[in-house]
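**Q** here is my input; please provide its structure:
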Amino acid sequence: MESTRQQKINALLQQDLGVIFQLESRNVLGSGAMITVTKVRVSKDLTTAHVFLSLFATNDKEALMKVIKKKQVVFRTMLAKKVRHQLRTVPELLFQLDDSLDYAENIDKLLKDV
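**A** Reported below is the predicted structural model:
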């Protein structure tokens, strides 16, 4: 169970990372894909944050995730500039693909076929 502090930091990181991906992803990644931060889970000691991303308007999601993971330091630096007055240290970002929307879309498609 997450503490209140963890929940607040999750919300803060999700909001700020969402803005970063919305404004800077084209410059950093060089792709026109739409990236949405669906969920953030920070560890109890606040050193790592699992960031779940949904990717749209891209043909190869796995390749884009590899590029995002390579540019993790760049995104962490941008995040540090945004949250420097709220957090003492910025957690390490671990990006993961959130395929829950694809799964739900597949379920809807299967239900319509029946």
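**Q** can you show me the helices along this protein?
**A** Assigned helices in the chain, in chain order: 4-29, 61-70, 72-83, 100-113 (criterion: DSSP state H).
**Q** will you turn these into CSV that also has mean pLDDT and mean neighbour count?
**A** From N, CA and C alone the C-beta is placed, and that goes for glycine too. Formatted as CSV, these follow (pLDDT from 0 to 100; neighbours: other C-beta atoms under 10 Å):
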stretch, mean pLDDT, mean neighbour count
helix 4-29, 93, 16
helix 61-70, 92, 14
helix 72-83, 95, 15
helix 100-113, 83, 10
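**Q** dump those helices to a markdown table, plus distance to residue 44.
**A** Shown next, in a markdown table, are the helices of the chain (distance: least, C-beta to C-beta, whole Å):
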| stretch | distance to residue 44 |
| --- | --- |
| helix 4-29 | 7 |
| helix 61-70 | 23 |
| helix 72-83 | 19 |
| helix 100-113 | 24 |
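**Q** among the ones you listed, which comes closest to residue 51?
**A** Of all these, helix 4-29 sits nearest to residue 51, with 6.2 Å by C-beta to C-beta.
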